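Trainee: Got a predicted structure plus its sequence, pasted below:
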Amino acid sequence: MFMEEILSMLQTYGLTKTQAQIFIYLTKVGASSIRDLSKALKTNRMKIYRNLKRMENLGLISVLPGRPMRFSAVPANIALSTLLSAAKSRILEMESKYAKVLEALSKISSQQQEYVVETKFRIHSGRRNIYAIIMQMLENCEREVCLLTTPSDLICLSLYGFDEKLRKMRARGVKVNILTNMVDEKTAELLEDYTKYALIKHSDILLKTRLLIVDNKSVFTSLTVDDSMSLDSESESGFWTDSPHYIYSVKAFFDMVWRNAQDISIVLQYLKAGRRIEQTVIFNDIEEYYRHFTEVLDRAKNEALICVRRLKEPYIMRDFIQILEKTSARGVKIKLMAYLDEDFYSLKEISSISSSIDIRHIDIKYAEMSLISTGSGESLLCCFSPSSTDLRAVQIQGLWSNFISFTQIIRTIFMELWSKAINSTIRLMEMKFRRALKEVPKTLAPIAKEKGLILEAPAIIRGMSGLNQRFDLALKMKDPSGEIIVGDALPENGDVKAALISLYLKAMDVKAQQKLFIIPKEEILGVDERELAITYDIRLIDGTEPAELSQKIMEKIRLN
């Protein structure tokens, strides 16, 4: 109990509990190491060390050099006098700063009270009541007015004397910025008179709301805006406030929309010419992509250029074929480019639209994008995330625009790709050919067996060079002669010359007696390629059906 009282009394002098324990231990035991203190006080060494350093700085302990380093307490009277002196110094400092701290805290307190008292929110309802509040705000305006509202509301405001109020503000040097959405030429012409007193811009944002910001000091926000022309409408409501934080947020939103908006005079020129207002829309939702895709084709005139990665979701919609047929029926010439495969549409379905639509195949299976350009001046560009496997959570980044310069760029890109694309008829033939090649072993094996031949497809034969040579198929005689017939099919890259040379060299290595080169149609070979086949004594087998290819193979090979 006695030790606890000493510990408590030392803490009244400003020591922590650990520091008081250390001082008592050193006074009782004498010079000790950190290890001794840690063990005696059951406290980790790092904590003991930190407290010893603080006590050394206070002049309460002395350090005794050696290994290990030891610490001893200064005499108790010196320690207490040191602590008492430090405490008196702190009290004197606190007393000297009392008035200054009190004054600073008083200012903070008064500022908070002023903010709470003066920030106000007032709810208003009814159009006449709201218009009266708006006119009062405009009357008190000194520098700038920012208004975002609907075209109908601007017309209705004119019935309440808004245009006259604008004229007076202009005379006082007040700057007025108005944001709205021009829906047609008639509305734009009705609002054209406002341009004498205010700067009006068109925004694509279709917000049925009203925001009025005056001098960055007050804001009126309408929660609902009635599109009727009646001044007696009671369906409107809103609130007025002078909250600095709310004003800052609303003004930031207005400025953002204002920067991307178009001057009303430019919009009016487009509307009078019957053209859509030049704009750009960015989106990241797959349903928006499908909507823009459909609408662009619905509005297309003369020509539609379409490039998609594959003819399957998510790159196209489920009713894609029907949309194309509908667009083509209106006389729009369609050029469609895609990586044609058998994943979604059968060969028959692709063939059904190829008669009215110019379709080409291009190897862009690794380019996750779609692009469209039409004769009406619209363009659509959409990029897909490579990891988008779940159609319900597909990630995209799309852009629709009717800016002429952008549309021209998209068209140039398309035509460059188009010049390198393959006609769909040739691609369809290639796909039928590839499908037939997979079935050839089933149809050829029994026929070859009847003739005393064993079929391997594919075949790997070890050559004289010691290398294993691979062939798409090989036929071997069962008799002791062991004659070998080898064959390769047209490679997917279409390089006929390289394939013929490769077949010839591989056949020499395995001592094959006959060589076959399988192609979909003999007409795809040029004169040089045919002459090369003759020179190398390579027989050409053409066809797109398994039975046809099997029959021609048996007809072309020479059996002793």
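Mentor: Ah, there it is. Numbering: from 1, shown residues only.
Trainee: Past the helix or strand bottoming out on mean pLDDT in the chain, which element shows up next along the chain?
Mentor: Of all helical and strand segments in the chain, the minimum by mean pLDDT, DSSP states H and E falls on helix 347-354, at a mean of 59. Beyond helix 347-354 on the C-terminal side, the first helix or strand identified by DSSP states H and E is strand 358-361.
Trainee: who's in contact with that next one?
Mentor: Identification of contacts with strand 358-361 by C-beta atoms under 8 Å, 6 or more residues apart in numbering yields 333-340, 350, 353, 418, 421-424, 426-427. For the C-beta atoms, the positions are set from N, CA and C on the backbone; glycine is no exception.
Trainee: tell me which residues of it are tucked away?
Mentor: Neighbour-count burial for strand 358-361, counted by 16 or more other C-beta atoms under 10 Å, picks out 359-361.
Trainee: just to revisit the earlier point, out of the contacts of strand 358-361, which are buried?
Mentor: Using 16+ other C-beta under 10 Å, the buried ones in those are 334-340, 350, 353, 421, 424, 427.
Trainee: Looking at the residues you listed, which are in strands?
Mentor: Here DSSP state E is the test, and the buried ones among the contacts of strand 358-361 give 334-339 as lying in strands.
Trainee: Columns distance to P446 and pLDDT on top of these, output as a markdown table?
Mentor: Output for these, formatted as a markdown table (distance: C-beta to C-beta, whole Å; pLDDT from 0 to 100):
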| residue | distance to P446 | pLDDT |
| --- | --- | --- |
| I334 | 46 | 93 |
| K335 | 46 | 93 |
| L336 | 42 | 92 |
| M337 | 42 | 90 |
| A338 | 38 | 88 |
| Y339 | 36 | 86 |
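Trainee: I'd like those residues written out as a markdown table, with distance to K326 added.
Mentor: Shown next, in a markdown table, are those (distance: C-beta to C-beta, whole Å):
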| residue | distance to K326 |
| --- | --- |
| I334 | 11 |
| K335 | 17 |
| L336 | 14 |
| M337 | 20 |
| A338 | 19 |
| Y339 | 24 |
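Trainee: Burial check on N468, number of neighbours?
Mentor: 11 (other C-beta atoms under 10 Å).
Trainee: Now do it, the pLDDT please.
Mentor: On the pLDDT scale, N468 is placed at 94.
Trainee: That one touches K506, doesn't it?
Mentor: No. Using C-beta atoms under 8 Å, N468 is not in contact with K506; the gap is 10.2 Å.
Trainee: tally of neighbours for the residue nearest to D263 when sequence neighbours are not counted?
Mentor: Distances taken as C-beta to C-beta, 6 or more residues apart in numbering place K201 nearest to D263, at 5.9 Å, with adjacent residues excluded. The tally of other residues near K201 (other C-beta under 10 Å) stands at 22.
Trainee: ditto for T241
Mentor: T241: 17 neighbours (other C-beta under 10 Å).
Trainee: pretty sure it contacts R122?
Mentor: Yes. With contact defined as C-beta under 8 Å, T241 and R122 form a contacting pair (7.4 Å).
Trainee: Nearest residue to F254 in space, please, no chain neighbours.
Mentor: Closest residue to F254 apart from its sequence neighbours, by C-beta to C-beta, 6+ apart: C146 at 5.1 Å.
Trainee: Strands of the stretch 1-150 of the chain, start to end?
Mentor: Here the stretch 1-150 of the chain has its strands, by DSSP state E, counting those that start in this stretch, at 32-33, 61-64, 70-73, 121-125, 144-148.
Trainee: possible to save the ones you listed as TSV with distance to S233 and mean pLDDT?
Mentor: TSV is the format used below for the strands of the stretch 1-150 of the chain (distance: least, C-beta to C-beta, whole Å; pLDDT from 0 to 100):
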stretch	distance to S233	mean pLDDT
strand 32-33	88	90
strand 61-64	84	86
strand 70-73	86	90
strand 121-125	10	86
strand 144-148	19	94
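Trainee: can you tell which of those strands is closest to Q395?
Mentor: Distance to Q395, taken as C-beta to C-beta, is lowest for strand 144-148 among the strands of the stretch 1-150 of the chain, at 31.9 Å.
Trainee: Following the chain onward from that closest one, which element is next?
Mentor: helix 151-159.
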